[in-house]
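Visitor: Sequence first, predicted coordinates after that:
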Amino acid sequence: MIELTQGQELTLTAVDGEPLTKVQMAVGWDHAPTAGFIGSGAAPIDLDASAVQFAGGQFFDIAFFNNLATRDGSVVHLGDNTTGKGGGDDEAITVDLSRVYPKVESILFLVSSYQGHSLEYIRNAYCRLVDDNDTELARFTITLGVRETGLVMAKLFRDGSDWKLGAIGTGIPLKTPTDSMEALLPFV
């Protein structure tokens, strides 16, 4: 497993060097115990994982809590966790790279606060990429508080015939990925 830092990239290959065809991007986070009205222990913050596809530098398709799969079925959101409670991954999105529409150049993975809370109240946020055998290939941990309501965590992108993972880790002011596709374009 490789711990990525912001801006780092990784070519997606199996242990034997063959290109991967299926991966899963899992995200996790902890709710800070003092989040809410004057540290009242208010209800947990609802974060949502999303995968947004781009082709030709423009929005193409999306998988998130309100649309669980892309039209071609290559990207599938596995369900909405509204609390972030419990250990391990909170939400996961699978990607069948062999089925991604050929014109799609990149897939952004983001997490956002549906209720509009600042991500400053979130701790231990991460995204991790695993293969078909649940082997963790890479992890990107967010170590600083993010004042915005959203976070572009990572992207998968084509590099010739290969796919690569790029760590981003940049805050963005949106509650759902459909709030502003224009705001996502700099990361494509």
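Guide: Received the coordinates, thanks.
Visitor: so where does the nearest residue to residue 5 once chain neighbours are set aside fall, helix or strand?
Guide: Leaving aside its sequence neighbours, residue 5 sits nearest to residue 167 (Cβ to Cβ, 6 or more residues apart in numbering; 6.4 Å). Glycine gets a C-beta too; all of them are placed from N, C-alpha and C. According to DSSP states H and E, residue 167 maps onto strand 162-172.
Visitor: Bridged to the spatially most central residue of the chain, which residues?
Guide: Centroid check for the chain by Cα atoms, centre = their mean gives residue 109 as the closest residue, at 2.9 Å. On the basis of DSSP bridges, residue 109 is bridged to residue 51, residue 154.
Visitor: quick one: it from residue 49, how far?
Guide: According to Cβ to Cβ, to the nearest Å, residue 109 stands 7 Å off from residue 49.
Visitor: which helices and strands does the helix or strand harbouring residue 27 pack with?
Guide: Using DSSP H and E, residue 27 sits within strand 22-31. Packing partners of strand 22-31 (3 or more Cβ pairs under 8 Å, 6 or more residues apart in numbering; DSSP states H and E): strand 47-55, strand 91-96, strand 104-113, strand 122-131, strand 150-159.
Visitor: Point out where this structure drops to low pLDDT.
Guide: Along the chain, segments meeting pLDDT under 70 span 1, 31-45, 80-87, 142-145.
Visitor: hmm, back to that, so the strand holding residue 27 versus strand 104-113, what angle?
Guide: 20 degrees (axes from the mean of the first three to the mean of the last three Cα atoms, to 10 degrees).
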